[in-house]
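# next come a sequence and a model predicted from it.
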Amino acid sequence: MRVWIDLLTPKQVLFFEPVIDILKERGDEVIITSRRYREAELMARKREMNVEFIGEHGGKLLADKLHASVERTNLLTEKFRNNAPDIALNFSSPEAARVAFGLGVSNVCVNDSPHATATCRLTVPLTDMLITPWIIPDAAWTQYGIEKTKIARYKALDPFMWIKRRDLVNIQSPDIGLDNKKATIIVRLEESFAAYIPAQSDVGYTVEFALLKRLVEEFRNYNIVVLCRYSEQIDTVLENFKGRIIVPRDLVDGVALLLSSHLFIGMGGTMTAEAALLGIPSISFFRGSYFIERYLISKGLLTKPRDIEGVMRVSKNFLRNERISKEMVARASKIRSGMEDPSKTIVKKLDNIIIEKLNRPQIDRR
């Protein structure tokens, strides 16, 4: 089987790596593509993946996103025009979905983010099989035009894919300048260039900076680590808070850093779920709501205050109460024990689609 996997974010690199390993170990040919995007490039290189970078992200402006997507679609079309794969696997890649559809290649999509409406509208209708966490209902996907019979599930949250493969006991803290005598607070900034985030302006950054300013004022005797997604974020944060917080320029081992921390404040999805599943006292400051977030809140692994004052109040409670941390770790461990390895479900679905394709008459899908 010849499988094309398109990786667009660092999360996707970590998530699909076990699938890639399984496919290669059994002799399948795997073609891996990505795009020029800071964190995805850094993660792929750290994981020593043989990735071909085709096209780029496009940035935060809609017209630039469109231009980059069209150009990348053309480049991918030329790559596979005369040598198409048997199947495409991606995490709702608009370019992969369009190219696979246009070339008559079966497209398998993994997605845990129906709230990302722009991406879902461009990909879900073109998907031959959508694989998603068990907690997301059919209606969240069928609204985009996919049939229920094309939806499959795994009983896990996505970060479990790589958490289960780590030694959570014998793990070293990353060397980013932490003062070991101080407790550590991690802040993960939002994916401000993503289409599902409201249009950014000075107002958007004011909210983030207001939160960081309060953290610096309220927690002077703590390590405050701010994890940025883009070079622009790094430069802007350092310009405003240099010397008062730690801003890694290189990609950091998220699991190792989280296990060295005492509090996590997330403005996105993946690392928030990752922190919660590790039992780190976690706060969501995401603008909006999504199924994974609501599930973690219902299980007592995540808290979502309404405003910055609420974040400060909850943070102080978490940091002064060691019992909460112990309870979180125990609760997270129990929840992880009930989860399954998504890689097995994904590989099985890939095989099923290929078998079905071989057994049915060829259909012109153009």
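Arrived safely, thanks for sending. Residues are numbered from 1 along each chain as shown.
# quick one: buried residues of stretch 134-145?
Buried residues in stretch 134-145, defined by neighbour count with 16 or more other Cβ atoms under 10 Å: 135-136, 140-141, 144. (Glycine included, C-beta is placed from N, CA and C.)
# as a markdown table, the residues you listed with distance to residue 318, secondary structure and pLDDT would be great.
Below are those laid out as a markdown table (distance: Cβ to Cβ, whole Å; DSSP: H, G, I helix; E, B strand; the rest coil; pLDDT from 0 to 100):
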| residue | distance to residue 318 | secondary structure | pLDDT |
| --- | --- | --- | --- |
| 135 | 25 | coil | 98 |
| 136 | 28 | coil | 98 |
| 140 | 31 | helix | 98 |
| 141 | 35 | helix | 98 |
| 144 | 37 | coil | 97 |
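# save the residues you listed as JSON lines, and put in distance to residue 304 too.
Formatted as JSON lines, these follow (distance: Cβ to Cβ, whole Å):
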{"residue": "135", "distance to residue 304": "17"}
{"residue": "136", "distance to residue 304": "18"}
{"residue": "140", "distance to residue 304": "19"}
{"residue": "141", "distance to residue 304": "24"}
{"residue": "144", "distance to residue 304": "26"}
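# and those residues, which is closest to residue 82?
Compare each of those with residue 82 using Cβ to Cβ and the shortest gap goes to residue 144, at 31.6 Å.
# how many neighbours does the residue nearest to that closest one when sequence neighbours are not counted have?
What sits nearest to residue 144 in space, not counting adjacent residues and going by Cβ to Cβ, 6 or more residues apart in numbering, is residue 124, at 3.8 Å. Per other Cβ atoms under 10 Å, the neighbour tally for residue 124 reads 22.
# so for residue 124, what's the pLDDT?
Per-residue pLDDT puts residue 124 at 98.
# I figured it hits residue 145, correct?
Yes: if you go by Cβ atoms under 8 Å, residue 124 and residue 145 touch, sitting 6.6 Å apart.
# just to revisit the earlier point, dump the residue contacts of the residue nearest to residue 144.
Residue 124 makes contact with 92, 109, 111, 130, 141, 144-146, according to Cβ atoms under 8 Å, 6 or more residues apart in numbering.
# narrow these to those in strands?
Among the contacts of residue 124, the ones falling in strands (DSSP state E) are 109, 130.
# can I get the contacts of residue 124 in a markdown table including distance to residue 154?
Formatted as a markdown table, the contacts of residue 124 follow (distance: Cβ to Cβ, whole Å):
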| residue | distance to residue 154 |
| --- | --- |
| 92 | 16 |
| 109 | 13 |
| 111 | 12 |
| 130 | 12 |
| 141 | 14 |
| 144 | 20 |
| 145 | 22 |
| 146 | 17 |
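# what about the helices in the stretch 201-350 of the chain?
Secondary structure of the stretch 201-350 of the chain (DSSP state H, counting those that start in this stretch): helices at 202-218, 231-241, 254-259, 270-277, 291-298, 308-320, 322-337, 342-358.
# now, of these, which is deepest in the fold?
Highest mean neighbour count among the helices of the stretch 201-350 of the chain (mean count of other Cβ atoms under 10 Å): helix 270-277, with a mean of 27.
# so what touches that helix?
For helix 270-277, contacts defined as Cβ under 8 Å, 6+ apart pick out 11, 157-160, 163, 186, 188, 227, 254-255, 258, 261, 264, 266, 282, 284, 286, 292-293, 296, 301-302, 332, 335-336.
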